[in-house]
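**Student:** just coords:
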Ligand SMILES: Cc1cc2nc3c(=O)[nH]c(=O)nc-3n(C[C@H](O)[C@H](O)[C@H](O)COP(=O)(O)O)c2cc1C
């Protein structure tokens, strides 16, 4: 699956809205389709007919009332590569920062799952207002990319910071965001995902709540960035990604064997699977009867996959996860060093709104060479790209050959 090449362009009621037909023309010329959603006030500055003409797509307006498909605004804003709000009024920034959804654009933006770029544009005194600046900070804290306004003379005669950046600059930002990034081209990447199952008898097993979504998101993101990806996964109930070598395993030992056979030929391993630490010491071939089982199952330790592979790391990159409920950063850092990893993604699985079996996650990236980087709560696909940004940086920088035992 190639990266989708369609964006949402949200237009709000700022004077710079008159520049948007030209922006759309440029984006379309670059091969990027544009779905326009505009506010009622924006229609005072630029007409839906003009926007429809240059985008070639039905424009969603505040009065949109499609009886054939009342969910058109949600359907048309699915599967987008990015969204850009330009110009973004002070009014829009305030509403979005506080989750207000009283028009079609705000409603659509709240439902987005793609990266969001916002280009504030307003009078310099408005832009300098602490309320506006606070709203921008709130949005940035949630992972919204703010495209800072230029300084210069405004339509109102004032000058200062507040001008919408040039159309060329906006188009380049979007092109870079949606264009097929090929920074992992030629890299052989192994990703593990999902839980493992440790059989107790013919029908019972020990497992955990991992859904495999994080690992699958990383595998897809790496594939879309040009990597040659192998996904080694435990039992998953989500669809398997396309154009990836998928290897299905059940027990931790099988995952270990598959990894041991492939690790030597890879440039990077991302260990996102939740591998069972323990397995039953005895596995019954048939279903245990109540009286056979007694009251306890004796367990023994599974091989520690990362610790074993870390000893043969050489100059391969290893990225792991630390799912913790207590002392997150301290435990994660200790694990990073003990298992000879390059980066560890620490996540707090004690919280119900992120982590296991959830479309969102919130992690802190801990590496050997940089300060911990706390990422906001984001859809797993977006987090996957943030993790791979760090991986691509490390893969392209010269690394010490074997920091481990080699
Ligand atoms: C002529 C005129 C120009 C305006 N230009 C801007 C602007 O550049 N930026 C801004 O934040 N508000 C501007 N406003 C104010 C907004 O139009 C107003 O806050 C409106 O409620 C925004 O609605 P919307 O955010 O739903 O589009 C302007 C108003 C007028 C009358």
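**Tutor:** That came through fine. Keep in mind the model is a prediction, meaning the values are calculated, not measured.

**Student:** phi, psi of the closest residue to the ligand within the stretch 101-250 of the chain?
**Tutor:** Residue nearest to the ligand within the stretch 101-250 of the chain (C-beta to the nearest ligand atom): residue 122, separated by 3.4 Å. All C-beta atoms are positioned from the backbone trio N, CA, C, and that covers glycine. Here is the backbone geometry of residue 122 (degrees, to the nearest 10): phi -170, psi 180.

**Student:** how about it, what does it touch?
**Tutor:** 14, 87, 89-90, 132, 149, 162 (C-beta atoms under 8 Å, 6 or more residues apart in numbering).

**Student:** now the residues you listed in a markdown table, with pLDDT and neighbour count?
**Tutor:** Shown next, in a markdown table, are the contacts of residue 122 (pLDDT from 0 to 100; neighbours: other C-beta atoms under 10 Å):
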| residue | pLDDT | neighbour count |
| --- | --- | --- |
| 14 | 97 | 28 |
| 87 | 98 | 28 |
| 89 | 98 | 24 |
| 90 | 98 | 21 |
| 132 | 98 | 21 |
| 149 | 97 | 22 |
| 162 | 96 | 26 |
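
**Student:** report the secondary structure state of residue 84.
**Tutor:** Put simply, residue 84 is strand when judged by DSSP: H, G, I helix; E, B strand; the rest coil.

**Student:** hang on, it packs against residue 11?
**Tutor:** No: with contact defined as C-beta atoms under 8 Å, residue 84 does not reach residue 11; the gap is 9.6 Å.

**Student:** and the next helix or strand past the helix-or-strand element of the chain with minimal mean pLDDT?
**Tutor:** Sorting the helices and strands of the chain by mean pLDDT, DSSP states H and E puts helix 290-293 at the bottom, at a mean of 66. On the C-terminal side of helix 290-293, the nearest following helix or strand under DSSP states H and E is strand 299-301.

**Student:** buried stuff in the helix or strand following that following strand?
**Tutor:** Of the helices and strands lying after strand 299-301 in sequence (DSSP H and E), the nearest is helix 305-310. Buried residues in helix 305-310, defined by neighbour count with 16 or more other C-beta atoms under 10 Å: 305-306, 309-310.

**Student:** same check, this time on stretch 151-163
**Tutor:** Buried-residue list, stretch 151-163, by 16+ other C-beta under 10 Å: 154, 162-163.

**Student:** please apply the same query to stretch 368-386.
**Tutor:** Within stretch 368-386, the residues that count as buried by 16+ other C-beta under 10 Å are 368, 375, 378-386.

**Student:** quick one, strands of the stretch 301-406 of the chain?
**Tutor:** 317-324, 343-348, 360-361, 363-367, 373-374, 378-379 (DSSP state E, counting those that start in this stretch).
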